[in-house]
Each structure stands twice: as C-alpha cells, then as structure tokens.
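S.K.: Kindly return the folded structure for what I paste below:
(chains A and B)
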Protein chains: 2
Amino acid sequence: MNFESVFPVWDKLTKAQQERINHTRIEKHFPKGTIIHNGDADCTGLLLINSGQLRAYINSEEGRQVTLYRLFDRDICLFSAPCMLHSIQFEVTIEAEKDTTLWIIPPDVYKSIMEDSAPLANYTNELMASRFSDVMWLIEQIMWKNMDARLAGFLLDESSIEDTNELKITHEVIANHLGTHREVITRMLRYLQNEGIVKLSRGTITILHKEKLISLQDK
Amino acid sequence: MNFESVFPVWDKLTKAQQERINHTRIEKHFPKGTIIHNGDADCTGLLLINSGQLRAYINSEEGRQVTLYRLFDRDICLFSAPCMLHSIQFEVTIEAEKDTTLWIIPPDVYKSIMEDSAPLANYTNELMASRFSDVMWLIEQIMWKNMDARLAGFLLDESSIEDTNELKITHEVIANHLGTHREVITRMLRYLQNEGIVKLSRGTITILHKEKLISLQDK
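M.R.: Numbering: from 1, shown residues only, chains lettered A, B, ... in the order given. A predicted model of the protein is given here:
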C-alpha cells in the first residue's frame, strides 16, 4: 500500500506538513513475536500498519498479561507514542502478532503538526475514542462475564480473524490474551471438548460447533 | 467561579467562537443523587463543573455498577456528549455525587468549534487521554488486585476526598463503586473491624489505622 493513500487525513494537511512527514517517516518490518514498543522504554512513535497484526497488552508485576486490543492493516497505533500527550499515564506493550510492515512517524513530528492542524487533532480524537471503546468493552467483559464466556468469544474472534476453524494457538497464548493462568484455559478447553464443542490436538484447537460457542459467549 | 476563567483554552479561541459558547451554554444545578446523563438517553453535552462532584460509571444487565472515575471542580465531562465523536461506542452514566453546579455546552456547538480549532481539539485529546488513564488504572485494579486491596484503596480515596476519617457511606454504595455485591463489602469491612483497622457503626465507617489500610492497598 502507498503511505499517502493510507494516512487518514493526508489531503487535509498542508504541503509543508505532508513533506515533513514524508521526510521523517520510516518503513520497517518486524517479524512475528517482536516487541515493537515497551511501556517502560522510549517514545517509539506513531505506527501506521501497512500489513500485519499488532497486539496491545498490559503486564502485571507477576508477569501475567491481558490483551487490550489488536490492530490490523491501515490501523494507527497511538499509544506507542505516549510522550505525545502528557495525560497518557499508563504503559502498554505493543507486539507484532504476525509478520508486520509498518511506517513509524516520529512522535515530535506528529505532535507538532497536530498542534497546528485541527483535522489531524480531530482525527487523533477519533482514534483515541476508538481505542477507548475497545478498552471499555474489555472492562465490561472482565466485570460482568465469566471466563468461559470470554474464552468462547476469544475463539470466535480468532476464527474470524484467521478465517478458519482450525486455530493454531497454545493454551498459554490464550491465557495471556485473557489475563488468566494457562491451567484455567486448559481446564475450560477440556470441558468444551467433552461437550463436543471443540477438538484439541497438539498445538491446534478445532471448532466443531460454532453455534454452541456463540451461545456460550452470549450467556 | 467565572466560566471564562475556568474554560481551559478560552484565550486560544476566536472572538466568534467565544461568543458562540457564551450564547449557548447554560448553568444548571443538580442536587446530590441526580442522574445527569444516562448512556441510553440523548447527547447531554459537555459538562464543566463549577462546584460539586460527579461520578461516571457503567451498569451491568443485572444492575451491578462499577465506577470508572470521578470529576471535581473545574473538570470537564466529555462522555456526556457521546454524539460528538462517532468512535465513542460505549455508554456511561453520570451522577451528581454531591450537590453540583455546572455549565452545559451543547454538543453540536463544541463539536463544530473543535473541528475548526486546533487548540480545542488538542485540549480534547488531553482530556480523553486523562480519562483513558483513569480507566487503565481501573483495569489494572480489576485484573491484578484482590477486592480487599481495592476496598482499602477506596476507603483511603474517600478519606482524602472528604478530608475526614469518619466516612458517611453505606456498604451498598461502596459495592456500586467497586463493581461487587454488598455482602462482599460487608464481610470485608467486618474483617477490617476485627483487625482493628476500621470501626463500623450505623452509616459510618471510621478509619482507625490508616497505615494498615495503606499496606493492604499495596499488597
């Protein structure tokens, strides 16, 4: 994809602003599994995904994780540039969930253009509201749903993202998405297998009965 | 307080924008306990608190609640105007926790000024990032903390907000802040009383041992 056709408010920037972004942005490839941004580390910059998949998550002191949201082609990652807004008082980690190619816009460049450009600032507002909605969805899940309903929802999401019923994913990875322990996931998956909803084999979870997963998710 | 001295980027608005806000804003008083904005209802507008205290919370289908954040003098409430950003895909309820006087700015007025004004759009970004930080703090609490640590933190917050060790608050209200059932809070408070950390009497919780509450909060 072409950067200028993907960047959301490109036509509303001035020629000088466009040139400044074009002269400072870099394109980079990250193999699956790379930690692209780590809460503790520097202000990486705005990430515009050309192709691939990113996962944003938080860590507990004991090393547990929970996924906040995932980003796909053409999505922009804002919280990899926490220095851009001084009110961002939290840390997220950004990981390449698949081989990912993206453009990085330096945080000071984005910030200074945003300060002058109402269109870019308004776009950034929409972007943040979008991530806010993801995180509010997560809070509702954590607060009001049981883990079995959340697991069912996660398997359905994975199946939709990967466009297959045969999910290549470990119990450990699922636990890290949902913020729980591997043993909890293993126990629940075995229960789902006993009910004939999934089939487990080495490194693979096959969804046998999507409708039952959906009703479990909604319960 | 005077509206113009409290509104955050007043000096960076044009004369016309200032006049538009001044001609459309209304000042209103809400007695303690009033639901000012309800997720399902209309787009109330931006709320700028003159004096008082607001609570933003979400509801479960079964009527449980959890507090997202609280707002105080000079704070601006953004999510009472969800129509302003189409990416806001969640519903919050806003309640006056104390007698509150505030200014309401119509959402269409704020939105149309924000679309032209980089300063107002950038300010709105900081505002949203601030609420985002509140909500991320909540996620970390829910995910990684036990309810007794959260209760300790809540009692300490209340004591600091009200500037007293004698909290006039019911177990039911605490449960609605923390997203749990009254019985859970009652059981934990009795435990704290047995440990000599608080003293319970009708409608009042007295903090006897702040240091022990702090160490419980941090555990």
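S.K.: does any bit of stretch A:107-121 sit next to chain B?
M.R.: Yes. Against chain B, stretch A:107-121 shows contacts by C-beta under 8 Å from any C-beta of the partner chain at A:114, A:115, A:116, A:117, A:118, A:121. Where C-beta positions appear, they are placed from N, C-alpha and C, glycine not excepted.
S.K.: longest helix of chain A?
M.R.: If you go by DSSP state H, chain A has its longest helix at helix A:118-144.
S.K.: helices or strands up against it?
M.R.: Applying 3 or more C-beta pairs under 8 Å, 6 or more residues apart in numbering or on different chains; DSSP states H and E, one finds that helix A:118-144 contacts strand A:65-71, helix A:107-116, helix A:147-162, strand B:54-59, strand B:65-71, helix B:107-116, helix B:118-144.
S.K.: Name the nearest residue to residue A:46, ignoring sequence neighbours.
M.R.: Of all residues not flanking residue A:46 in the chain, residue A:105 sits nearest, at 4.2 Å (C-beta to C-beta, 6 or more residues apart in numbering or on different chains).
S.K.: how far away is the one you found from residue A:43?
M.R.: Distance of residue A:105 to residue A:43, given as C-beta to C-beta, to the nearest Å: 12 Å.
S.K.: Settle it for me: which of these two has more neighbours?
M.R.: Neighbour count, other C-beta atoms under 10 Å in any protein chain shown: between residue A:105 and residue A:43, residue A:105 has more, with 22 against 15.
S.K.: Hmm, the more buried one is touching residue A:28, no?
M.R.: No. The pair residue A:105 / residue A:28 is not scored as a contact, 11.5 Å apart, by C-beta atoms under 8 Å.
S.K.: State the distance from the residue nearest in space to the middle of chain A to chain B.
M.R.: Centroid check for chain A by C-alpha atoms, centre = their mean gives residue A:70 as the closest residue, at 1.8 Å. Using C-beta to the nearest C-beta, to the nearest Å, residue A:70 is found at 16 Å from chain B.
S.K.: ok, now which ones touch the closest residue in space to that residue that isn't next to it in sequence?
M.R.: Spatial nearest neighbour of residue A:70, chain neighbours left out: residue A:55 (5.2 Å); criterion: C-beta to C-beta, 6+ apart. Residue A:55 sits next to A:67, A:70, A:71, A:94, A:95, A:97, A:177 when contact means C-beta atoms under 8 Å, 6 or more residues apart in numbering or on different chains.
S.K.: now do 7 Å
M.R.: A:67, A:70, A:95, A:97 (C-beta atoms under 7 Å, 6 or more residues apart in numbering or on different chains).
S.K.: so which of those residues would you say is closest to chain B?
M.R.: residue A:67 (11.2 Å; C-beta to the nearest C-beta).
S.K.: quick one: contacts for the closest one?
M.R.: A:55, A:57, A:177.
S.K.: re the thing from before, tell me the spacing between the residue nearest to residue A:46 and chain B.
M.R.: Counting by C-beta to the nearest C-beta, the gap from residue A:105 to chain B is 16 Å.
S.K.: Residue A:52 too?
M.R.: 22 Å.
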